[in-house]
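Trainee: coordinates for the following, if possible.
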Amino acid sequence: MIIETKYHGQVKVEEEKIWTFTQGIPGFLEENQFTLLAFPDNDVFFILQSMNTPNLGFVVANPFAFFPDYEFQLDEATIETLQLKKAEEADIYTILTVQDPFEKTTANLQAPIVVNTENNAAKQTILNDSRYETRHAIFPANAKKE
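Mentor: Below is the predicted model of the structure:
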């Protein structure tokens with residue numbers, strides 16, 4: 001299937017590369033299908049692109065690339081919704097808020113995106129964990145208190 005995208009123009013997406021968010025994404029509940037698009041020459045940052053809305057794409061990253069100690073427990077409802085049988089079936093991403101300059105970019109660790117790699121079911125889950133906020137600096141040495 002060929003889709004129009006925000007950052008990559010027209011892109012061919014294979015059916016098995018489409019993630020289904022049965023409950024949508026908070027703030028975009030009507031958007032249920034997304035795909036992950038890589039940036040050229042980059043294996044850290046991706047675009048979570050809506051399959052239906054060309055201008056809807058989120059910059060995402062694997063949070064462990066920036067926060068190696070990041071950990072959380074999924075609630076039973078999320079495990080059930082995604083039909084996860086073991087932890088190894090889950091890929092985790094975090095939505096980034098890209099800033100100018102880029103060094104001020106932040107990650108939403110309070111609401112990770114969890115994807116079941118076996119069935120492509122996906123969900124942005126909200127954590128009840130006081131260690132995490134919606135805006136963690138991904139380059140903490142460059143973060144300045146204002």
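Trainee: and the longest strand for this protein?
Mentor: Taking DSSP state E as the criterion, the chain has its longest strand at strand 90-97.
Trainee: right, and the helix or strand after that one?
Mentor: Downstream of strand 90-97, the first helix or strand assigned by DSSP states H and E is strand 106-107.
Trainee: pairing partners for the helix or strand immediately after that next one in the chain, with directions?
Mentor: Tracing the chain past strand 106-107, the next element assigned as helix or strand by DSSP H and E is strand 113-116. When pairing is defined by DSSP bridges, strand 113-116 lines up against strand 90-97 (antiparallel), strand 121-124 (antiparallel).
Trainee: which ones are touching the closest residue to residue 13 other than its chain neighbours?
Mentor: The shortest distance from residue 13 to any non-neighbouring residue, by Cβ to Cβ, 6 or more residues apart in numbering, is to residue 35 (4.9 Å). Just so you know, the C-beta spots here come from the backbone N, C-alpha and C atoms, and that holds for glycine as well. Each residue near residue 35 by Cβ atoms under 8 Å, 6 or more residues apart in numbering is listed here: 3, 13, 17-19, 48-49, 51.
Trainee: which one of those residues is nearest residue 79?
Mentor: Distances from residue 79 to the contacts of residue 35, taken as Cβ to Cβ, are shortest for residue 19 (16.8 Å).
Trainee: can you name the residues bridging to that closest one?
Mentor: On the basis of DSSP bridges, residue 19 is bridged to residue 34.
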